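1. sharing a model prediction with you, sequence too.
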Amino acid sequence: MRFLRKLPTYILWTMFAVAIVLIIATFTDANLLLTKPLVHNDPPLKSDVVIILGGGILADTHSLPWGVEERVAKGVELYTGGYAPKIIVSGGIVHYGGEAESEVMAPYAEMLGVPANDIIQEDRSKDTHTNALYSTQIMQEHGWQRAIVVTSDFHTSRACRIFKKVTQNILCVAAPRNPAFEGNYFRNLMDFRATVREYGAWVYNWMKGNL
């Protein structure tokens, strides 16, 4: 307590405000309102390929975070629903000396029922912009015209704009959140963190000319 008393008033008020924001984000549905402007969810149409975007790997377990598992699950659902005969899992190396995201995503898609020969790994991308560039190159190599891009809801609008600067015939579909996490306070907090970072990514990509 003595330490707190020595801090300037403006720092104390800032700490208090941050604490209130984190409490609201963790224990209420406020994050859904924050996410809503970032969502772009097209109705899926028959396409040549489903492109599933990576979103990191858990370094300690070499497994997928829940958000990426949700992306893969939605992509597989579209594949098995007959919307596209092929899947591209897009994501390069995110940890030094580690695996590419696509190398972890592909086995998960196989586990969900997709044959290995229907999955193409794009393992060079480092961000959404290079997801679009390298995935589009694969499409061109196969003569594919239309793709469904699958990613987390908060990421769909930016991903769609970036992809459409590279190729126009793109649909963007949001992966729904696993209902098993409903009411999970840690998930709420991590989703809030991801959403705040996404707003920062909009600013960064706008300055880079990617949007």
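-> Good, I have the coordinates. Numbers count the residues shown, from 1 in each chain.
2. low-confidence ranges, the chain, go.
-> Counting by pLDDT under 70, the chain has low-confidence residues at 1-30, 96-97.
3. for it, what spans make up the helices?
-> Using DSSP state H, the helices of the chain run over 2-6, 9-27, 30-35, 66-80, 101-111, 128-142, 156-166, 185-208.
4. now distance to residue 95 and mean neighbour count too, for these, in JSON lines please.
-> Every residue, glycine included, has its C-beta placed from N, CA and C. Compiled in JSON lines, the helices of the chain are given as follows (distance: least, Cβ to Cβ, whole Å; neighbours: other Cβ atoms under 10 Å):
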{"stretch": "helix 2-6", "distance to residue 95": "36", "mean neighbour count": "7"}
{"stretch": "helix 9-27", "distance to residue 95": "27", "mean neighbour count": "12"}
{"stretch": "helix 30-35", "distance to residue 95": "27", "mean neighbour count": "16"}
{"stretch": "helix 66-80", "distance to residue 95": "14", "mean neighbour count": "21"}
{"stretch": "helix 101-111", "distance to residue 95": "10", "mean neighbour count": "20"}
{"stretch": "helix 128-142", "distance to residue 95": "17", "mean neighbour count": "19"}
{"stretch": "helix 156-166", "distance to residue 95": "22", "mean neighbour count": "20"}
{"stretch": "helix 185-208", "distance to residue 95": "18", "mean neighbour count": "15"}
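5. turn those into CSV, including distance to residue 94.
-> Converted to CSV, those look like this (distance: least, Cβ to Cβ, whole Å):
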stretch, distance to residue 94
helix 2-6, 37
helix 9-27, 25
helix 30-35, 23
helix 66-80, 11
helix 101-111, 6
helix 128-142, 12
helix 156-166, 17
helix 185-208, 14
